[in-house]
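Q: Coordinates for the following, if possible.
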Amino acid sequence: MKPHYLALALLFSPAVFASTVTLNVLPEREQARLIDDLLQQRLTQILPPLMQRENIDMWLLVSREYNEDPVLKTMLPATWLSARRRTMLVIVSPGAGKAPELYAVARYDVGTAFKKAWDVEKQPDQWQALADLIRSKNPKRIGINQSASYGHADGMVATELDLLKQALGTELSGKLVSAEKLSVGWLETRLPGEIEQYKHLTAIGHKLIARAFSNEVVTPGKTSTEDVVWWLRQESTRLGLPVWFHPTVSIQRPSSGKFDQIKAFSAAKADNIIQPGDLLHVDFGLTYLRLNSDQQQHAYVLRPGETDAPDYLKQALKQGNQAQDILTGNFNTGLSGNALLAKSLQDAKDKGLKATIYSHPIGHHGHAAGPTIGMWDNQHGTPGSGDYPLYANTAYSIELNVAVDLPAWGNEIRIMLEEDGYFDGQQFRYLDGRQQQLHLIRSQ
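A: Here you go, the predicted structure:
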């Protein structure tokens, strides 16, 4: 083989491509250091203004091992994979934007941030030790995680609440208030350093999708959709990046019948063999540095003799991109998720688009805390989480679909797209761009 052909072969070989992707993933020890550094920044930079905004001067989080409050888990050090026995964290806001006081009513410090505040020799009862600490700080409003709208903010379980009230007594128990909006604010707000890592994560996701939707993985006439799904699972594991949900790969093809939203997002046709002329769809999400990605893209399988996708499919993708532009162009600080949904749906309708919008915040969780912007089975607004407003420095997964009539196929297709981005309070930006061209898979 001539030298320049060898160089090209190496450049596009799966092994070299995989090593390039691997370079974006930090070793476990470095990941832990970065997680702890970002946590310390979050506690000192994000928490004080949020506690003032929500008028809560003490925030109490209590969890038992393996039944963790979703918020508490985000405050544990990287080397703590769960709470230990009963973990109690107390956050006291001195006000005026000062750094919060962080206590752990435990036998030891919880990481470097939360300092031990329980002398077992003086007070053997952990609940009473907590009550003593609370009395010494004399808070006006004690936030606990209870919420009807957000599972993320509903981490104070009934048993812990009963024991807490018994320890506090009637007077202090009267100061307990819901920390719902404080919890949501903590979970949704992103640091600049987190956004930089988020860009890396979404880039890795895009690269893996590009490989999955290529002849490295797909041989038309032989490869099934489940083969692609399990390749994504295995390759993610090889890279040290867990998925937060099982991926799906689905097929749309000429005269394949009416589109079924539920079947498209489930493994209803797990044995589908990929054929030339198919329009493929993937839904895929990774976890890295306590952040989550959520991405959906399309690929076209070229028929023999084709070098590009048909124009009608490329135009269909453009309609999906147009719907994305409408939604992200309507982002505005203070606008509720329900209002954003209603305006965007009307704008899409005015443009002649048959759009369905079901976008959501993303961050510490895949379907994260923040304003709900529609659901695939509810386009009329979501009480509670849909009423929550957009804040600056938050991340979102722009998830939607556009129905497109294809006379050449004899049926209607759905362009289903999902891309992750960041709202700085003024403008929405994608973290690693978005799909504007179909992935192409050769039939030979």
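
Q: can you pull the contacts of Leu313?
A: By Cβ atoms under 8 Å, 6 or more residues apart in numbering, Leu313 lies in contact with Leu279, Tyr300, Leu406, Leu438. Placement of C-beta: from N, CA and C, glycine included.

Q: Near Val301, how many residues? Count them for me, please.
A: Using other Cβ atoms under 10 Å as the criterion, Val301 is surrounded by 26 other residues.

Q: go on, the one 4 residues further on?
A: The local packing of Gly305 (other Cβ under 10 Å) involves 8 other residues.

Q: Point out where this protein drops to low pLDDT.
A: Along the chain, segments meeting pLDDT under 70 span 1-23, 97, 256-271.

Q: quick one, domains of it?
A: Following automatic domain parsing, one finds the domains of the chain at 28-186, 191-441.

Q: how long is the first one end to end?
A: End-to-end distance of domain 28-186: 25 Å, with Cα to Cα, to the nearest Å as the criterion.

Q: cool, and the last one?
A: Across domain 191-441, the terminal residues are separated by 38 Å (Cα to Cα).

Q: Neighbour-wise, which one of the contacts of Leu313 leads?
A: Highest count within the contacts of Leu313 by other Cβ under 10 Å belongs to Leu279, 25 neighbours.

Q: In contact with the residue lying closest to it once chain neighbours are set aside, which residues?
A: With sequence-adjacent residues excluded and distances taken as Cβ to Cβ, 6 or more residues apart in numbering, Leu279 is closest to Gln252, at 4.4 Å. Going by Cβ under 8 Å, 6+ apart, Gln252 touches Phe259, Asp278, Leu279, His281, Ile413, Arg414.

Q: One more: Ser63?
A: Ser63 neighbours (Cβ under 8 Å, 6+ apart): Asp69, Leu72, Lys73, Ala83, Arg86, Thr87, Gly155, Glu160.

Q: the strands in the stretch 51-200 of the chain, which residues?
A: 58-64, 86-92, 101-104, 115-116, 142-144, 176-178 (DSSP state E, counting those that start in this stretch).

Q: now the stretch 301-444 of the chain
A: Under DSSP E, counting those that start in this stretch, the stretch 301-444 of the chain gives strands at 354-357, 360-361, 394-406, 411-423, 428-430, 439-441.

Q: hey, which of these is tucked in deepest?
A: Sort the strands of the stretch 301-444 of the chain by mean neighbour count, taking mean count of other Cβ atoms under 10 Å, and strand 360-361 sits at the top with a mean of 25.

Q: Put together a markdown table for the contacts of Leu313, with distance to Asp294 on each row.
A: Below are the contacts of Leu313 laid out as a markdown table (distance: Cβ to Cβ, whole Å):
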| residue | distance to Asp294 |
| --- | --- |
| Leu279 | 21 |
| Tyr300 | 22 |
| Leu406 | 27 |
| Leu438 | 20 |
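
Q: Done for today, thanks.
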